[in-house]
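can't give you the sequence, but here's the structure:
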């Protein structure tokens, strides 16, 4: 028996009540999470775990950096010099092959989103995720928030793959983080909230994107634009059949991302 506000209930009655009771929903159709920021904490833990792996295996010199970062095309390297050889020729000449997406490293668009080397890089990204994530997770629900984060990061990766340098590696969660910034801007604007402080934060990050060295503007722009689009789909989907509209919108973006990877891979191959 289970304690109830009045008397006791049998376990079967409690289970049946949970099945038939309508769960609380967010304003955008997601199930309202019971605990704040669970998905955000899991994402932070994954990023921290990958960072610890890289630090423990050599930092910048770790082989995991080359395996997990997004490199559009593979490169043969020997010491500090790169050679445009095939994988087979590179190996036969005693070179070190740095894998790329076009030659089979299909996992890199995803793994690069969780890969960092420099402490400031992961520190700023995870601080932003800690601030932005729980707010959006509570407003959107866990499933929609997770889809927004991952798909924004993938659009950032696709943008890098399409117009980024062919042999240079790119890493970091910034594409997904910029997607969250854009999404919060859309949600706050729809709620008619004051977005002045958020706009200042976005402006500072935009300035750093285009004027600081060593930053992938492609990932930032791709992530931000995708965040605007995806959050717009979530926030402005017609209420009748809202979930179907949202799924269709996200699926459409995912198909475009897949098409970019196919076309770019064909060109690089």
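Great, that's in hand. As the structure is a prediction and not an experimental result, all values here were calculated from the model. Numbers count the residues shown, from 1 in each chain.

which secondary structure elements does the host helix or strand of residue 262 sit against?
Applying DSSP states H and E as the criterion places residue 262 in helix 242-268. In terms of contacts (3 or more CB pairs under 8 Å, 6 or more residues apart in numbering; DSSP states H and E), helix 242-268 is packed against helix 142-163, helix 217-236. Heads up, the C-betas are built off the backbone N, CA and C, glycines and all.

next, format the ones you listed as TSV and append distance to residue 37, mean neighbour count and mean pLDDT.
Formatted as TSV, the helices and strands packed on helix 242-268 follow (distance: least, CB to CB, whole Å; neighbours: other CB atoms under 10 Å; pLDDT from 0 to 100):
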stretch	distance to residue 37	mean neighbour count	mean pLDDT
helix 142-163	10	24	97
helix 217-236	18	23	96
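
which one, of these, ends up nearest to residue 257?
helix 142-163 (4.7 Å; CB to CB).

just to revisit the earlier point, okay, angle between the helix holding residue 262 and helix 142-163 too, please.
Inter-element angle recorded for helix 242-268 and helix 142-163: 20 degrees (by axes from the mean of the first three to the mean of the last three CA atoms, to 10 degrees).

buried residues in helix 242-268?
The neighbour-count check on helix 242-268 (16 or more other CB atoms under 10 Å) flags 245-246, 249-250, 253, 257, 260-261, 264-265 as buried.

and stretch 93-107, by the same measure?
Buried, per 16+ other CB under 10 Å, within stretch 93-107: 95, 97-103, 105.

who touches residue 210 in this structure?
By CB atoms under 8 Å, 6 or more residues apart in numbering, the contact set of residue 210 is residue 217.

swap that for residue 226, sorry
Neighbouring residues of residue 226 by CB under 8 Å, 6+ apart: 151-152, 155-156, 179, 182, 253.
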